[in-house]
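Engineer: What follows is a protein structure lacking sequence information:
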């Protein structure tokens, strides 16, 4: 049975997010965005001139990600609004035992496939790159400038595909925690774990 239909009990796939809901201060859940990180704005709370100077010299790199949760509070007196993004990567993740990661912790974008048969997802329209995957243990918190935008021309996932991805995030997150704990128990002198930061971005489209 088709993976998408299996996830919805054989019902036809749900439609994408209605286009009329795609105008706001943050992109809606299920929207793909292209963005750059604003390292200076991210570090401005440190009040550290040396760190700001180094950050301002960093190159601006474009990233592509999927908004998996938007917190559009429409606070007109705030500079940024918060959302959560799953970055796109080319190829599945590399295994890192100390962090509880393996190469199966991902969801492919069609026509890419998963080595253990996990279903792929398909944005509409398709993205113009090959071998694309969402690494399911990496979710970043970002802040988007409080400027109202129209995201109706952005690639979208259907509600069903968002559900497939969300289920994978939950399943792989639990398995990753278990694998990391096993590694810690067998390597008591090791130091593992990472700190997640909230990044501020320049723009999204």
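Structural biologist: The structure has been received and is ready for your questions. Not measured: the values here are computed from a predicted model.
Engineer: Low-confidence ranges, the chain, go.
Structural biologist: Flagging of the chain using pLDDT under 70 yields the residue ranges 1-24, 71-77, 190-205.
Engineer: How are the helices of it distributed by residue range?
Structural biologist: 3-7, 39-43, 49-56, 159-186 (DSSP state H).
Engineer: what ranges do the strands span in this structure?
Structural biologist: 23-24, 32-37, 62-71, 80-90, 106-108, 132-135, 140-145, 149-150, 198-204 (DSSP state E).
Engineer: Same list (these) but as TSV, adding distance to residue 187.
Structural biologist: The C-beta positions use only the backbone N, C-alpha and C, and glycine is treated the same way. TSV is the format used below for the strands of the chain (distance: least, CB to CB, whole Å):
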stretch	distance to residue 187
strand 23-24	46
strand 32-37	33
strand 62-71	32
strand 80-90	27
strand 106-108	25
strand 132-135	23
strand 140-145	27
strand 149-150	47
strand 198-204	30
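Engineer: Residue 120: which of those strands is closest?
Structural biologist: strand 106-108 (4.5 Å; CB to CB).
Engineer: Can you give the distance of the closest one from its chain's centre?
Structural biologist: 12 Å (CA atoms, centre = their mean, to the nearest Å).
Engineer: what does that strand contact?
Structural biologist: Residues outside strand 106-108 that contact it (CB atoms under 8 Å, 6 or more residues apart in numbering): 89, 92-93, 114, 118-121, 132-136, 164-165, 168.
Engineer: before we move on, the earlier item: pick the most deeply packed of the helices of the chain.
Structural biologist: helix 39-43 (a mean of 18; mean count of other CB atoms under 10 Å).
Engineer: Which one of the strands of the chain lies nearest to residue 46?
Structural biologist: The nearest among the strands of the chain, by CB to CB, is strand 198-204 at 12.8 Å.
Engineer: ok, back up a step: residue 98 is nearest to which of the helices of the chain?
Structural biologist: Of the helices of the chain, nearest to residue 98 by CB to CB is helix 159-186, at 5.5 Å.
Engineer: now the closest one against strand 62-71, angle please.
Structural biologist: Taking axes from the mean of the first three to the mean of the last three CA atoms, to 10 degrees, one finds helix 159-186 and strand 62-71 inclined to each other by 100 degrees.
Engineer: coming back round to it: tell me which of the strands of the chain lies nearest to residue 189.
Structural biologist: Across those (criterion: CB to CB), the nearest stretch is strand 132-135, sitting at 28.0 Å.
Engineer: Pull the contacting residues for the nearest residue to residue 58 once chain neighbours are set aside.
Structural biologist: Take residue 58 and drop its neighbours on the chain: the residue closest to it by CB to CB, 6 or more residues apart in numbering is residue 39, 5.1 Å away. By CB under 8 Å, 6+ apart, the contact set of residue 39 is 55-56, 58.
Engineer: What distance do you get for the residue nearest the centre of the chain to residue 33?
Structural biologist: Among the residues of the chain, the one closest to the centroid is residue 86, at 0.5 Å (CA atoms, centre = their mean). Distance from residue 86 to residue 33, counting by CB to CB, to the nearest Å: 11 Å.
Engineer: Cheers, nothing more for now.
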